[in-house]
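J.: From the sequence below, what's the structure:
(4 chains)
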There are 2 protein chains.
Amino acid sequence: MEEAPIGTRKPRLDAERNRSHILDVAEQYFSEQGVAGSMDAIAKRAGIGPGTLYRHFPNREALLAALLQARNEALEGRRTAIEHEVSDATEALALWLDALIEWVTAFDGLPEPLRAALSEEGSPLALTCQGFITTTECFLRAAQEEGAALPGVRGRDLFLSALATGWASGAAMADESSARSLRAMMRSGWATRASGEAPADRPTPESAPE
Amino acid sequence: MEEAPIGTRKPRLDAERNRSHILDVAEQYFSEQGVAGSMDAIAKRAGIGPGTLYRHFPNREALLAALLQARNEALEGRRTAIEHEVSDATEALALWLDALIEWVTAFDGLPEPLRAALSEEGSPLALTCQGFITTTECFLRAAQEEGAALPGVRGRDLFLSALATGWASGAAMADESSARSLRAMMRSGWATRASGEAPADRPTPESAPE
DNA sequence: GAACGATGCGGAGGTATTCTCCGGTTTGCC
DNA sequence: GGCAAACCGGAGAATACCTCCGCATCGTTC
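T.: Numbering: from 1, shown residues only, chains lettered A, B, ... in the order given. Model prediction:
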């Protein structure tokens, strides 16, 4: 559609290559050090100057947003998969929230900038989050119409819960058992008593009604 | 007992005064700017040099720990009050967790350093947290013996939940309704279905069985 | 009350990090 | 091949955390 090079002088190849190289390096660096790692260190590891890094990504948020792009698409895919393969609205919402938690913990320390981004309107991360909040709202509404989710809860609250769960799971004190507990508690937080008898420890039992 | 000035040459008065002045200033500063505010700014506002600030409190954590001291005692008081005035273990645990959330949100951004402190053994904040985790464990065990709380949950998980709830409530997106939702979801997270029929919106109904 | 030793004070400054500015170079287009 | 636009990269400004050390102040002792 907008591919016509009208007024846009075609992006230079070296810039394009630098950009993707930066993304590769940042992906690895953030995986190792967490998202709070030094920007200049990324530039140095990529063999470029700070200026180049900041030209491509004006701040940490922009870099993070670009890094998350691929995972965003994966998460969108997960969404349509759940929509098509899971008919039970309760299970669908639960699976979606699990996917959200996984997305939110893609990098160590990611929940913090996400929460911060929710406060600022123009942030690229905020846009992404807003989309996922809307999706959460969809799944939630379906579950509520089935009577499987409490009516007082809103999509943003569930999204915040997922974010908070991911944040808490990142604590050094939190082991695998804690993470499971937190997820389970979150689930019985929105589910009604009437909905499916799974109280806590059922490990997402892949019950696709194919 | 250890008041005998053996080997300790009695603390100087000006130092003591400086210390409490720093605490006053920091209290106000953190209340305005959140706990991530600049240390040097606190020193400047207190009219002292950074060196003096850091002599009294070697780092931000120590300063925070000292600031929280008063509130810690208030929280301990709340604990004994709950223990004496509330016989229902479910309600007691719920009240305690509400008090914890309030403590955790005493300053804007406080949950973050608390979570970080849990990772480091020698931190003064970690000690405090550990005490409250133990208290949480006590309330939880009582509730579990009444069959009012799920047996799989641990005290640390509940503490983490409270911390995470406070963290999420600090998001700009979170309004009062979100905070209430989060607390309600947390509660139905640990409570069994059998325990009291209060699902969400009961506003802590002061039912002291005197 | 005066001198002395221990203790506290405070600012200069080292290190780290984020981000900007600008001269020099490379690239794409004609 | 030449030109203008875009890009590169490092120097460096701004800020924050924290340390070091000469000097001042306090408490004690004579």
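J.: need the helix or strand of chain A with the lowest average pLDDT.
T.: The weakest-scoring helix or strand in chain A, judged by mean pLDDT, DSSP states H and E, is helix A:176-190 (a mean of 89).
J.: Need the contact partners of that one.
T.: Helix A:176-190 is contacted from outside by A:93-94, A:97-98, A:101, A:140, A:143, A:149-150, A:153, A:158, A:161-162, A:165, A:168-169, A:171, A:174, A:198-201, A:203, B:152-154, B:156-157, B:160-161, B:164, B:184-190, using Cβ atoms under 8 Å, 6 or more residues apart in numbering or on different chains. The way it works is simple: take the backbone N, C-alpha and C, and place the C-beta from them, glycine included.
J.: per-residue pLDDT, the residue nearest to A:Glu145 when sequence neighbours are not counted?
T.: If the residues on either side of it in the chain are set aside, A:Glu145 comes closest to A:Ala89, at 7.5 Å by Cβ to Cβ, 6 or more residues apart in numbering or on different chains. Note for A:Ala89: predicted pLDDT of 93.
J.: Can you verify my assumption that A:Ala89 contacts A:Glu146?
T.: Yes - using Cβ atoms under 8 Å, A:Ala89 is in contact with A:Glu146, at 4.5 Å.
J.: and the contacts of helix A:176-190, which are buried?
T.: For the contacts of helix A:176-190, a neighbour count by 16 or more other Cβ atoms under 10 Å in any protein chain shown gives the buried set as A:93-94, A:97-98, A:101, A:140, A:143, A:149-150, A:153, A:158, A:161-162, A:165, A:168-169, A:171, A:174, A:198, A:200, B:152-154, B:156-157, B:160-161, B:164, B:184-190.
J.: I figured A:Ala36 was touching A:Leu110, is that so?
T.: No - if you go by Cβ under 8 Å, A:Ala36 and A:Leu110 don't touch, sitting 9.8 Å apart.
J.: These two - which one has more neighbours?
T.: Neighbour count, other Cβ atoms under 10 Å in any protein chain shown: between A:Ala36 and A:Leu110, A:Leu110 has more, with 24 against 13.
J.: Contacts only, for that one.
T.: For A:Leu110, the contacting residues are A:Val35, A:Leu64, A:Val104, A:Gly166, by Cβ under 8 Å, 6+ apart.
J.: wait, isn't the first one in contact with A:Pro113?
T.: By that I understand A:Val35. Yes - under the criterion of Cβ under 8 Å, A:Val35 makes contact with A:Pro113 at 6.3 Å.
J.: Now the common contact residues for the two.
T.: By Cβ under 8 Å, 6+ apart, A:Val35 and A:Pro113 have these common neighbours: A:Arg60, A:Leu64.
J.: Where does the prediction get shaky in chain A?
T.: Applying pLDDT under 70 to chain A flags residues A:1-9, A:193-210.
J.: For stretch A:23-38, buried residues please.
T.: If you call a residue buried by 16+ other Cβ under 10 Å, then stretch A:23-38 has these buried ones: A:Leu23, A:Val25, A:Ala26, A:Glu27, A:Tyr29, A:Phe30, A:Val35, A:Gly37.
J.: Tell me which residues of the lengthiest helix in chain A come out buried.
T.: Looking across chain A with DSSP state H, the single longest helix is helix A:60-85. Neighbour-count burial for helix A:60-85 flags A:Arg60, A:Glu61, A:Leu63, A:Leu64, A:Ala65, A:Ala66, A:Leu67, A:Leu68, A:Leu75, A:Arg78, A:Arg79, A:Ile82 (criterion: 16+ other Cβ under 10 Å).
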